[in-house]
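S.K.: Predicted structure and sequence below. I'll ask about it afterward.
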Amino acid sequence: MEDDLRVLLRSPALTLEPPTTLPDVVRRKARRRRMRARAGGAVGFLAVVAIGLLAGPGLKDSIDGLRSDRSQPAELKPDPRFPTATTEVVTLQRINGAEVLTWFEGADWCTATTRVKHQKTCLGPINPAHQGFSRIVPSGSASVTVDNEHMVAGLVPPGASSVVVHMKDGREYDAQFADGARFLVPVWSSRIDDSTFPVEYYAAFDSVGREIARQPVASRS
Amino acid sequence: MKAEQEQAFNAFVSARSRHLLQTAHLLTGDRHRAEDLLQTALTRAYLRWDRIEAEDPEGYVRRTLANAHIDWWRRKPWREQPAAELPDVAGPDQAAAYDVRDAVLDALGGLSRRQRAVVVLRYYEDLSEAEIAAVLGCSAGTVKSAASRAMAKLRAHPGLAAQREEVA
């Protein structure tokens, strides 16, 4: 199979002739990007100078404070957006300028978007030793949806190196893992397009690619 | 960029762009998106040429191709549209060649972006699992599991099976 695939991927039927103008197109694009970067750099520099003038004295006090507290164990800074969080608040995905966030509140696992802050979802209590998939926030939940773009998120099963979302039409979406300070369990998330076919099941794989857990999804009515 | 660096960049593009365009074609399944992807990767390489020239410019472009392709999908998932009809029309004397192309691109279109990148890097670029993991910024275990799931899907693809019999 592997050798046949090598031959097929190298087939002349798949060969394309690059446009003769390619180096010129690349040079023009690079020039435009450089000009944009320079313009952005100048604006950024002015912003940094302004912030420095405004916040300089306060910043110095903070640094001095850090120096004197070096011997103390690091405290988790409370996140003003979610004051009841007992862990770091971590960004799972960025969608259209909004962020999908996750954190824990004691033994509960929570998600929310920066678009609709009052729609947070908390599930629990979490048992970190639970084998297989324990908690999943499904596609369509307000706490993981931004502008009609869908995501699913869940807690990573123990021993899993990767998680795949398998759709009813056979498509698969790889999940990304996120971990934060004091998280009870890492969290997986995946952007999906379920506008035509919904999720069929979630599967977790270990480091050598063996499937170690599968969670089927009940059909939507 | 200095004149000799410009020359070196031109030489690199003329020597390797056909191979890299085929990599982009296998990743995207579409000629126009493949050209866009290659332009993006080469532009990034051009802007960093003084740093990458002495090391491995092709490796840099390959890494950018694979990751930019996955990032495009993350930003715009609705673009994930396996092509039902390919843009070019097959002439009668080219029918066998187009059968191969259609079968390969259709089979690759059934894979996830990461699986597709793993297959292209493994079987077209001939990279090892460890090298692919470095290119994609993931663990070797993730590459292994993506490859094994991708191969299971490719084995089950009827069009590809027919082409494999022709090859054998």
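M.R.: On my side now, so go ahead. Numbers count the residues shown, from 1 in each chain, chains lettered A, B, ... in the order given.
S.K.: who does the lengthiest helix in chain B touch, helix- and strand-wise?
M.R.: Assignment by DSSP state H gives helix B:3-28 as the longest helix of chain B. The criterion is 3 or more C-beta pairs under 8 Å, 6 or more residues apart in numbering or on different chains; DSSP states H and E, and the helices and strands that helix B:3-28 contacts are helix A:22-68, helix B:31-47, helix B:49-52, helix B:57-75, helix B:95-109, helix B:113-123. Using the backbone N, CA and C atoms, a C-beta is placed for each residue, glycine as well.
S.K.: A:Pro80 belongs to a strand, doesn't it?
M.R.: No - with DSSP: H, G, I helix; E, B strand; the rest coil as the criterion, A:Pro80 is coil rather than part of a strand.
S.K.: Check the gap between it and B:Arg122 for me.
M.R.: Relative to B:Arg122, A:Pro80 is positioned 47 Å away (C-beta to C-beta, to the nearest Å).
S.K.: What residues of stretch B:126-145 count as buried?
M.R.: Neighbour-count burial for stretch B:126-145 flags B:127, B:129, B:131-133, B:135-136, B:138, B:140-145 (criterion: 16 or more other C-beta atoms under 10 Å in any protein chain shown).
S.K.: ok, and of those residues, which contact chain A?
M.R.: B:140-142, B:144-145 (C-beta under 8 Å from any C-beta of the partner chain).
S.K.: what's around residue 16, how many residues?
M.R.: Just going to use chain A. Other residues within reach of A:Leu16, judged by other C-beta atoms under 10 Å in any protein chain shown, total 15.
S.K.: Please refer instead to chain B.
M.R.: The burial count assigned to B:Arg16 is 17, neighbours taken as other C-beta under 10 Å.
S.K.: residues touching the closest residue to it other than its chain neighbours, list them.
M.R.: Spatial nearest neighbour of B:Arg16, chain neighbours left out: B:Glu58 (5.7 Å); criterion: C-beta to C-beta, 6 or more residues apart in numbering or on different chains. The contact partners of B:Glu58, by C-beta atoms under 8 Å, 6 or more residues apart in numbering or on different chains, come to B:12, B:16, B:20.
S.K.: In chain A, what helix or strand scores lowest on average pLDDT?
M.R.: The least trusted helix or strand in chain A, going by mean pLDDT, DSSP states H and E, turns out to be helix A:22-68, with a mean of 70.
S.K.: Show me the shaky parts of chain B.
M.R.: Judged against pLDDT under 70, the low-scoring parts of chain B cover residues B:72-97, B:167-168.
S.K.: now with 80?
M.R.: Using pLDDT under 80 as the threshold, the predicted model of chain B has low-confidence ranges B:1-2, B:70-98, B:163-168.
S.K.: ok, back up a step: right, and out of the contacts of B:Glu58, which lies closest to chain A?
M.R.: When these are compared for distance to chain A, the smallest value, 8.2 Å, is given by B:Leu20; criterion: C-beta to the nearest C-beta.
S.K.: In contact with the closest one, which residues?
M.R.: With contacts defined as C-beta under 8 Å, 6+ apart, the neighbours of B:Leu20 are B:38, B:41-42, B:58, B:61-62, B:65.
S.K.: A:Gly209 versus the residue nearest to B:Val118 when sequence neighbours are not counted, what's the distance?
M.R.: By the measure of C-beta to C-beta, 6+ apart, the closest residue to B:Val118 outside its immediate chain neighbours is B:Ala146, 4.6 Å from it. Separation of B:Ala146 from A:Gly209 (C-beta to C-beta): 8 Å.
S.K.: between the two, who's got more neighbours?
M.R.: Each of B:Ala146 and A:Gly209 has its neighbours counted (other C-beta under 10 Å); B:Ala146 has more, 30 against 17.
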